[in-house]
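>>> Structure for the following, please:
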Amino acid sequence: MVVPSLPASRVPDSHDAPALRWGIMGPGWIAERFTESVQAHSRQVIAAVGSRSLTRSKAFADAFGVPAAYGSYEELAAAPDIDIVYVCTPHNFHHQAAMLALKAGKHVLIEKPIGLNAAQARDIAERAEAAGVFAAEAMWSFFLPKFDVIRQVLDAGTLGTVTTVTAEYGEYFDRSHRIFDPGLAGGPLLDLGTYPLALITEVLGAPEHVHALGQPHESGVNAQLSAIMAFPGGSQAVMNTHVHNFTPTAATIVGSEATLTIDGPFNMPGGFEIRWPDGTRLRYSEESGSQVNGLHYEAAAVARAIADGKRETPQRTLASSIRTLDVADEIRRQVGIAFQAASGSKVFSTQEVKQ
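This next block holds a predicted model:
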């Protein structure tokens, strides 16, 4: 057989992207990693930070050399010298925070998940379109060079017909972590499970059937869930996510001609391998690392899209984000997971999720 060579990544150097002035909404752990990454590997400017605590905002600003700090999300959204707001509040504030930015006419990049459910994601997409501004989910993995190569491999049909996708993500957390807080939409589904679900739905589209199982945690959140999915044409997918302990975070895409296995953790920078039945292998190598090594790619891609007058990115379209949350909604319906709203006073029922 003639083995094709791997295509080169088409992802440009992040330093080449036009600079935007970013406002950070929610100075937590992921905001720190994002800021470290873009300051080290791009020309993007972190111009302001805002939170519900001016003390926290000032501490973040001092740590990263950010010139402006605000004591409310509203002040940050209204700041006149900000091009785009990066929303990285707790999950159940994503929708509310994004609405503040959109109403102020700001572009938005919203940490994953873009909302608690597909209805919130659709609302964000509709509001952004009406306002004529950019909006996207910060599913940073899809902006990495290796995922651009994987996308080219799939588009070229190198694997043949994709029959199966398997993906999992498990991690250990200290009991004090917010993932165990029912009031903050805790459990693994939105924190970890969005990665395997996003990969599966990116490769295979929307499933026709979903069968999910869940395991409760003593804290009141979901501890573990697994799902088997069936897609048009007969393809299947299996995913698992939990908060019990660390796993390889492995992902495999099986085709009728060849199998592509992504090194774990599959959602971070790293390599992958394509194997054919006769033992032939092709290897893609990329320096492995954490978010600090890769978050700048999504920031640069967003800056390029906005400079080109686009309202979303091809790496993670709003339709793709909505599709992933549609599946997450169905998993929650079957498992019986309910998330509290941002105020903590209302619970989204499984019926409301589908509206």
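
>>> Next, the contact list for His15, please.
By CB atoms under 8 Å, 6 or more residues apart in numbering, the contact set of His15 is 41-43. Quick note: C-beta positions are derived from backbone N, CA and C, even for glycine.

>>> Would you format those as CSV with distance to Tyr297 included?
Listed next are those as CSV, based on distance: CB to CB, whole Å:
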residue, distance to Tyr297
His41, 8
Ser42, 9
Arg43, 14
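
>>> the strands in the stretch 151-300 of the chain, which residues?
Taking DSSP state E, counting those that start in this stretch, the strands of the stretch 151-300 of the chain run over residues 162-170, 209-216, 222-230, 236-242, 251-255, 259-262, 272-275, 281-284.

>>> between the ones you listed, which one is nearest to Asp123?
Closest to Asp123 of those, according to CB to CB: strand 209-216, at 23.1 Å.

>>> how's this protein carved up into domains?
14-139, 142-289+313-353 (automatic domain parsing).

>>> hey, which of those is tucked in deepest?
Burial of these is given as mean neighbour count (mean count of other CB atoms under 10 Å); domain 14-139 ranks first at a mean of 21.

>>> any chance of the strands of the stretch 151-300 of the chain in CSV, plus mean pLDDT and distance to Thr313?
CSV is the format used below for those (pLDDT from 0 to 100; distance: least, CB to CB, whole Å):
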stretch, mean pLDDT, distance to Thr313
strand 162-170, 98, 22
strand 209-216, 98, 27
strand 222-230, 98, 25
strand 236-242, 98, 24
strand 251-255, 98, 21
strand 259-262, 98, 21
strand 272-275, 98, 22
strand 281-284, 96, 22
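
>>> Columns distance to Asp123 on top of the ones you listed, output as TSV?
Shown next, in TSV, are these (distance: least, CB to CB, whole Å):
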stretch	distance to Asp123
strand 162-170	27
strand 209-216	23
strand 222-230	24
strand 236-242	25
strand 251-255	30
strand 259-262	32
strand 272-275	35
strand 281-284	38
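
>>> where in the chain is pLDDT low?
1-3, 289-292, 341-355 (pLDDT under 70).

>>> Can you show me the strands along the stretch 1-150 of the chain?
21-25, 45-50, 68-70, 84-87, 107-111, 135-138.

>>> Any chance of those in JSON lines with distance to Met268 as columns?
JSON lines is the format used below for the strands of the stretch 1-150 of the chain (distance: least, CB to CB, whole Å):
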{"stretch": "strand 21-25", "distance to Met268": "22"}
{"stretch": "strand 45-50", "distance to Met268": "22"}
{"stretch": "strand 68-70", "distance to Met268": "30"}
{"stretch": "strand 84-87", "distance to Met268": "19"}
{"stretch": "strand 107-111", "distance to Met268": "16"}
{"stretch": "strand 135-138", "distance to Met268": "14"}
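
>>> wait, which of those strands is closest to Arg178?
Of all these, it is strand 107-111 that lies closest to Arg178, at 13.4 Å by CB to CB.

>>> ok now the closest one, how far from the chain's centre?
11 Å (CA atoms, centre = their mean, to the nearest Å).

>>> Starting from it, tell me which strands it pairs with and how they run.
strand 84-87 (parallel), strand 135-138 (parallel) (DSSP bridges).

>>> possible to save these as JSON lines with distance to His15?
Output for those, formatted as JSON lines (distance: least, CB to CB, whole Å):
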{"stretch": "strand 84-87", "distance to His15": "18"}
{"stretch": "strand 135-138", "distance to His15": "20"}
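
>>> residue ranges of the helices in the stretch 101-250 of the chain, please?
118-131, 145-155, 188, 194-204 (DSSP state H, counting those that start in this stretch).

>>> in the stretch 251-355 of the chain, which spans are helices?
295-307, 318-335, 350-353.

>>> of the ones you listed, which approaches Ser14 most closely?
So among the helices of the stretch 251-355 of the chain, helix 295-307 is nearest, using CB to CB, at 3.8 Å.

>>> Just want the most central residue of the chain.
When CA atoms, centre = their mean is applied to the chain, the residue found nearest the centroid is Met139 (2.4 Å).

>>> ok, it - contacts?
Met139 neighbours (CB under 8 Å, 6+ apart): 112, 194-195, 198, 298, 316, 321.
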